[in-house]
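Engineer: I'll drop the sequence and a predicted model, then ask my questions.
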Amino acid sequence: MKPLHIILIIVVIAAIGVVISTMVNSSTYGDFALAKKNQGSDYQIIGKLNTKKAIIFDAKKAENGFSFFMKDSKGIEMKVLYSGAKPTDFEKSDQVVVTGAIADTVFVAKTLLLKCPSKYNNKKTPVSFGEKEFKEK
């Protein structure tokens, strides 16, 4: 067998390995109902933090974790347990994206992402800046 053929076979095997590892480690978007139906599978769930319920931190149970209640896009509410540090301005977030799986009656999040409200939403666009003029909408 020629060295070129051997190198080509190695490249093809490596590419197949990358594709398989990407498929295994990826999580799909879903909701709490889908995650509950397929317990053990990881899902990314987009929802809103329920600010009417308490954010619970218990140093005895988890040194650096907390739990909170979140509603998914279909309005299903579930307790979420996250073992990482609570992000700054967590309570002010517009959207929460958690990645993880359901264990019993709790969603155990491996990652937590926030979509925070823009600090520029309530401010008007400046009329001018230097020589540049802006039109108000």
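Structural biologist: Happy to help now that I have it.

Engineer: where in this structure is pLDDT low?
Structural biologist: 23-27, 58-63, 116-137 (pLDDT under 70).

Engineer: switch to 50 and redo it
Structural biologist: By pLDDT under 50, the chain has no low-scoring segment.

Engineer: just the strands from it, written as ranges.
Structural biologist: 28-30, 43-49, 66-72, 77-82, 95-103, 106-115, 128-129, 132-133 (DSSP state E).

Engineer: okay, now the sheet partners of the fifth one, with direction.
Structural biologist: Taking DSSP bridges as the criterion, strand 95-103 forms sheet pairs with strand 43-49 (antiparallel), strand 106-115 (antiparallel).

Engineer: just those: most buried one?
Structural biologist: strand 43-49 (a mean of 20; mean count of other CB atoms under 10 Å). For the C-beta atoms, the positions are set from N, CA and C on the backbone; glycine is no exception.

Engineer: the inter-axis angle of that strand versus strand 77-82?
Structural biologist: Strand 43-49 runs at 110 degrees relative to strand 77-82, counting by axes from the mean of the first three to the mean of the last three CA atoms, to 10 degrees.

Engineer: so how far is strand 43-49 from its chain's centroid?
Structural biologist: Taking the mean C-alpha point of strand 43-49 and that of its whole chain, the gap between them comes to 7 Å (CA atoms, centre = their mean, to the nearest Å).

Engineer: put the alpha carbons of that strand into PDB.
Structural biologist: The C-alpha atoms that make up strand 43-49 are tabulated as PDB, following Å, rounded to 0.1, in the frame of the first residue of the first chain:
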ATOM      1  CA  TYR A  43     -31.200  19.200  26.800                       C
ATOM      2  CA  GLN A  44     -30.800  23.000  26.500                       C
ATOM      3  CA  ILE A  45     -33.900  24.600  27.800                       C
ATOM      4  CA  ILE A  46     -34.700  28.300  27.300                       C
ATOM      5  CA  GLY A  47     -37.000  29.900  29.900                       C
ATOM      6  CA  LYS A  48     -37.600  32.700  32.400                       C
ATOM      7  CA  LEU A  49     -36.600  32.900  36.000                       C
END
